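Engineer: make a model of this:
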Amino acid sequence: MTILVGIAADDLEQGAVTLAVDLARASGEELRVVTVIGRHAAAAGSPGEAEYRRYFASQAEHVLAAARQHIPDDVAATYATVANRSTSAGLFAEAKAVGARLFVLGSARDGLYGRVCTGSVTDRMLHSSPLPVAIAPRGLRTQSEGPADAIPRLSVAYAGKRDDALLGEAAAEAGTLHAGLRVLTLAVRSSLPMYSAGAMGEDTIVGTWLDQVGEEARAGLSALGVEGEVDGVRGPTWSDALSFVRWERGELLVLGSSRGVFERVFIGSRAAKILRHCPVPALIMPTHRKKRQKK
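Structural biologist: Next comes the predicted model:
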């Protein structure tokens with residue numbers, strides 16, 4: 001199948017391309033690198049219409065040429081410029097046309113280096129995409145040397161049995177990418193003074209909860225018939241908890257969507273907090289409703 005890489009017409013950082021190359025090397029899939037240029041009604045028929053189109057077409061060619069230089073010969077890739085008033089709509093239409101199975105996007109240019117930062121387009125994708133969305137941290141540059149080290153492991157954010165469906169999707173994705181699997185539980189406790197009675201009592205509660213969720217994770221892995229690590233990390237903030245996690249180069253963090261009526265990515269508040277402080281590429285999975293059985 002195809003991995004669709006969306007890059008802005010003025011984005012030369014190539015973080016999305018770096019991540020997409022690793023994903024393609026791990027899965028053996030082809031890349032479709034796409035940039036969307038605006039198609040504004042205000043320009044139609046105006047004296048500057050031709051110049052307007054040439055300018056944005058030139059920008060698109062420039063960024064696609066940079067992507068070509070960044071994609072090694074062992075990864076198959078095609079390139080396209082799409083005209084659409086909406087960047088997200090243009091990406092959705094192109095994904096449908098080529099049969100893509102996931103999107104890869106970069107972080108916003110005004111975000112912190114080394115962290116995932118969403119911009120307006122990414123936010124729209126995270127609230128409406130019918131396909132999984134992978135996001136590269138800003139400034140991601142280090143590429144794998146080949147399929148063997150492309151994506152070493154997926155860590156799935158797991159908060160108990162309610163995430164068993166997400167665990168199954170992460171296990172399937174790990175199989176596609178020939179990657180290891182880790183079930184990761186993050187616990188953020190309050191900012192009570194460290195040695196106060198309240199803090200010590202809260203630590204006991206958090207520890208008990210992590211143990212319980214760990215058992216549920218092991219049961220979930222056993223039910224799927226797959227092997228995986230189980231890890232629980234705590235911290236006073238989401239940023240601290242994520243910084244305490246031991247990450248491997250090339251590892252992805254898998255997050256789930258809020259449950260809803262539609263089979264779409266719709267990132268919830270907990271996943272959004274994790275994403276905001278994520279130091280590794282993130283993969284957000286859409287909600288999949290259980291099909292009703294025919295009577």
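Engineer: who touches Val104 in this structure?
Structural biologist: Taking Cβ atoms under 8 Å, 6 or more residues apart in numbering, we find Val104 in contact with Ile3, Leu4, Val5, Gly6, Ala16, Leu19, Ala20, Leu23, Val133, Ala134, Ile135, Ala136. Heads up, the C-betas are built off the backbone N, CA and C, glycines and all.
Engineer: ok, 6 Å please
Structural biologist: Val5, Ala16, Leu19, Ala20, Ala134 (Cβ atoms under 6 Å, 6 or more residues apart in numbering).
Engineer: what does Arg32 give?
Structural biologist: Thr2, Leu4, Thr78, Val98.
Engineer: separation between it and Ala24?
Structural biologist: Distance, Arg32 to Ala24, by Cβ to Cβ, to the nearest Å: 10 Å.
Engineer: Three-state assignment for the residue nearest to Leu23 when sequence neighbours are not counted, please.
Structural biologist: The spatial neighbour of Leu23 that comes closest, neighbours along the chain excluded (Cβ to Cβ, 6 or more residues apart in numbering), is Ile3 at 5.7 Å. Look at Ile3: counting by DSSP: H, G, I helix; E, B strand; the rest coil, its state is strand.
Engineer: Ile3 bridge partners, please.
Structural biologist: Beta-bridge partners for Ile3, by DSSP bridges, are Leu31, Leu102.
Engineer: count of neighbours near it?
Structural biologist: 26 (other Cβ atoms under 10 Å).
Engineer: related to what we said a few turns ago, helices - which of the contacts of Val104 land there?
Structural biologist: Ala16, Leu19, Ala20 (DSSP state H).
Engineer: which one (most neighbours) among those residues?
Structural biologist: Most surrounded of the ones in helices among the contacts of Val104: other Cβ under 10 Å gives Ala20, at 32 neighbours.
Engineer: shouldn't that one be in contact with Leu31?
Structural biologist: Yes - with contact defined as Cβ atoms under 6 Å, Ala20 reaches Leu31; the gap is 5.4 Å.
Engineer: give me the pLDDT for His288.
Structural biologist: Per-residue pLDDT puts His288 at 58.
Engineer: show residues contacting the helix or strand where Ile274 lies.
Structural biologist: In this assignment (DSSP states H and E), Ile274 forms part of helix 269-276. The set of residues external to helix 269-276 that reach it, using Cβ under 6 Å, 6+ apart, is Val116, Ala157, Trp238, Leu255, Ala282.
Engineer: which residues touch the first one?
Structural biologist: The contact partners of Val116, by Cβ under 6 Å, 6+ apart, come to Ser107, Ile135, Pro137, Leu275, Cys278, Ala282.
Engineer: among these, which lie within strands?
Structural biologist: Per DSSP state E, strands hold the following members of the contacts of Val116: Ile135, Ala282.
Engineer: pLDDT below threshold where in this protein?
Structural biologist: Within the chain, the stretches falling below the threshold (pLDDT under 70) are 39-49, 190-202, 258-267, 288-295.
Engineer: tell me how it divides into domains.
Structural biologist: 2-135, 153-247+251-284 (automatic domain parsing).
Engineer: closest to Gln143 out of the ones you listed?
Structural biologist: Nearest to Gln143, of all these, is domain 2-135, at 5.4 Å by Cβ to Cβ.
Engineer: quick revisit: pick the one among the contacts of Arg32 closest to Ser58.
Structural biologist: Thr78 (20.2 Å).
Engineer: and the closest one, how far from Ala93?
Structural biologist: For Thr78, the distance to Ala93 - Cβ to Cβ - is 16 Å.
Engineer: just Ala187 next, same as before
Structural biologist: 41 Å.
Engineer: mind jotting down where the strands sit in the stretch 1-150 of the chain?
Structural biologist: Under the criterion DSSP state E, counting those that start in this stretch, the stretch 1-150 of the chain contains strands at 2-6, 30-37, 77-83, 100-105, 133-135.
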